[in-house]
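>>> build me a model from this:
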Amino acid sequence: MSKVCAICGKSKMSGNKVSHSNRKTPKTYSANLKKVKLEGMTSAEYICTRCLRTLSKED
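The predicted model follows:
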């Protein structure tokens, strides 16, 4: 699975996991992607949920 949004290009993000003792450990976060086939597309593409919400507002 390609972990990149077809519309906005959102992909893997990085940050720190912070424990109760305030130790920082590197962590990666993946975008929340759904496989969707929209009207203008010939095949199903991976789109982030933020873009799906924006596209549903335009209808």
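>>> residues near the closest residue to residue 37 other than its chain neighbours, how many?
Ranked by C-beta to C-beta, 6 or more residues apart in numbering and with sequence neighbours excluded, the top spatial neighbour of residue 37 is residue 44, at 4.3 Å. In this view, the C-beta of every residue, glycine as well, is placed from N, C-alpha and C. Using other C-beta atoms under 10 Å, residue 44 is surrounded by 12 other residues.
>>> look up how far residue 11 lies from residue 44.
18 Å (C-beta to C-beta, to the nearest Å).
>>> with residue 40 instead?
Going from residue 40 to residue 11 by C-beta to C-beta gives 22 Å.
>>> between the two, tell me which one has more neighbours.
Comparing residue 40 with residue 11 by other C-beta under 10 Å, the one with more neighbours is residue 11, at 13 against 4.
>>> which residues touch the closest residue to the more buried one other than its chain neighbours?
Nearest non-adjacent residue to residue 11, counting by C-beta to C-beta, 6+ apart: residue 4, 4.5 Å away. The contact partners of residue 4, by C-beta atoms under 8 Å, 6 or more residues apart in numbering, come to 10-11, 31, 46.
>>> just the buried ones from those?
10, 31, 46 (16 or more other C-beta atoms under 10 Å).
>>> thinking the first one is in contact with residue 48, fair?
Yes: counting by C-beta atoms under 8 Å, a contact exists between residue 10 and residue 48, whose distance comes to 5.0 Å.
>>> which neighbours do those two share?
Residues touching both residue 10 and residue 48 by C-beta under 8 Å, 6+ apart: residue 31.
>>> mind showing which ranges of the chain have poor pLDDT?
Along the chain, the parts satisfying pLDDT under 70 run over 1, 59.
>>> just the CA trace of the strand or helix carrying residue 52, in CSV.
In this assignment (DSSP states H and E), residue 52 forms part of helix 49-58. Taking Å, rounded to 0.1, in the frame of the first residue of the first chain, the C-alpha atoms of helix 49-58 are listed here in CSV:
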residue,chain,number,x,y,z
THR,A,49,-9.9,11.2,5.6
ARG,A,50,-9.3,15.0,5.8
CYS,A,51,-9.5,15.2,2.0
LEU,A,52,-12.6,12.9,1.9
ARG,A,53,-14.4,15.3,4.4
THR,A,54,-13.5,18.3,2.2
LEU,A,55,-14.7,16.6,-1.0
SER,A,56,-18.0,15.6,0.6
LYS,A,57,-18.6,19.3,1.6
GLU,A,58,-18.2,20.4,-2.0
